[in-house]
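Engineer: My questions are about this predicted structure, shown below with the sequence.
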Amino acid sequence: GDSVTQMEGPVTLSEEAFLTINCTYTATGYPSLFWYVQYPGEGLQLLLKATKADDKGSNKGFEATYRKETTSFHLEKGSVQVSDSAVYFCALNYQGGKLIFGQGTELSVKP
Amino acid sequence: GAGVSQSPSNKVTEKGKDVELRCDPISGHTALYWYRQSLGQGLEFLIYFQGNSAPDKSGLPSDRFSAERTGGSVSTLTIQRTQQEDSAVYLCASSSIPTSSTDTQYFGPGTRLTVL
């Protein structure tokens, strides 16, 4: 069945460091891919998405490129801030309906 | 406009009791979803309502779980005879184009359920 695998956390970085959170997926077709973020004490928010191969989603300095050849959607940011500390979830949607989520990666950014 | 709202925000109950969790979706959204977020299982899909179609119940973990959506808007998730393993955060989401994989789901703040 369809699935999403994320790199395990927690990830701890210093402010202004480069961030990569790996995400790979398994799907029978061509899904849309999403990154959601959950800040401490808050609900899930959409961070970015990409709906077809080679699309790049971007928001708040974060980027992720839909790579069909490697079935990946890695999240990157060039310079993280303390305010980026949160749990990040990669997800896919294949035919509409339910989202399938990865297990989440906790990011902690230290000043 | 208003986002997805859920109530209560926290619920503490005793093992064996029934609980009801409520979700108010974004106005005009035809699709409504329930997910569960727990430490051991991550984010799991529970059930999905789309318009007047029969709901997709494929994620409900047992027959103690049920949900309904009245008038195409508000939804209630009911857990009967709660068990300690039901302790989790229950998330509701809604969306406007559910038949497309590109559709964005908007999440509520969740209800934290603790079963003692």
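Structural biologist: Now that the structure is in, tell me what you want to look at. In this text, all values refer to a predicted model and were calculated from it rather than measured experimentally.
Engineer: C-alpha from now on. contacts and neighbour counts both.
Structural biologist: Fine.
Engineer: Now do the contacts for residue 88.
Structural biologist: In the absence of a named chain, chain A is used. Going by C-alpha atoms under 8 Å, 6 or more residues apart in numbering or on different chains, A:Y88 touches A:35-38, A:104-107.
Engineer: look at chain B instead
Structural biologist: B:36-39, B:112-114.
Engineer: So which of the residues you listed belong to strands?
Structural biologist: The strands, defined by DSSP state E, take in B:36-38, B:112-114 from the contacts of B:A88.
Engineer: Flag the least confident of those residues.
Structural biologist: Among these, B:S38 has the lowest pLDDT, at 91.
Engineer: Return the distance of that residue relative to A:N59.
Structural biologist: From B:S38 over to A:N59 the distance is 27 Å, taken as C-alpha to C-alpha, to the nearest Å.
Engineer: ok, which stretches of the chain are strands?
Structural biologist: Went with chain A since none was named. Using DSSP E, the strands found in chain A span residues A:3-6, A:11-14, A:19-21, A:23-26, A:32-38, A:44-50, A:56-59, A:62-65, A:75-77, A:86-93, A:100-101, A:105-110.
Engineer: wrong one, I was asking about chain B
Structural biologist: Under the criterion DSSP E, chain B contains strands at B:5-7, B:10-13, B:19-24, B:31-38, B:42-50, B:65-69, B:75-79, B:88-95, B:106-107, B:111-115.
Engineer: Flag every residue of chain B that's near chain A.
Structural biologist: Counting by C-alpha under 8 Å from any C-alpha of the partner chain, the positions of chain B adjacent to chain A are B:33, B:41-45, B:48, B:98-110.
Engineer: residues from chain A in reach of chain B?
Structural biologist: Chain A has residues A:31-32, A:42-46, A:50-51, A:93-104 near chain B, with proximity defined as C-alpha under 8 Å from any C-alpha.
Engineer: Now list the buried members of these.
Structural biologist: Buried members of the residues of chain A next to chain B, counted by 16 or more other C-alpha atoms under 10 Å in any protein chain shown: A:31-32, A:44-46, A:50-51, A:93-104.
Engineer: quick one on the thing from earlier: tell me which of the strands of chain A sits most buried.
Structural biologist: strand A:86-93 (a mean of 26; mean count of other C-alpha atoms under 10 Å in any protein chain shown).
Engineer: unless I'm mixing things up, B:T111 is touching B:V19, no?
Structural biologist: No - here B:T111 lies out of contact with B:V19, judged by C-alpha atoms under 8 Å, at a distance of 11.4 Å.
Engineer: the more surrounded of the two?
Structural biologist: B:T111 (22 against 18; other C-alpha atoms under 10 Å in any protein chain shown).
Engineer: The more buried one and chain A: what is the separation?
Structural biologist: Applying C-alpha to the nearest C-alpha, to the nearest Å, the value for B:T111 to chain A is 10 Å.
Engineer: Identify the residue spatially nearest to that residue, adjacent ones excluded.
Structural biologist: B:S9 (4.5 Å; C-alpha to C-alpha, 6 or more residues apart in numbering or on different chains).
Engineer: filter the contacts of B:A88 to the buried ones?
Structural biologist: B:36-38, B:112-114.
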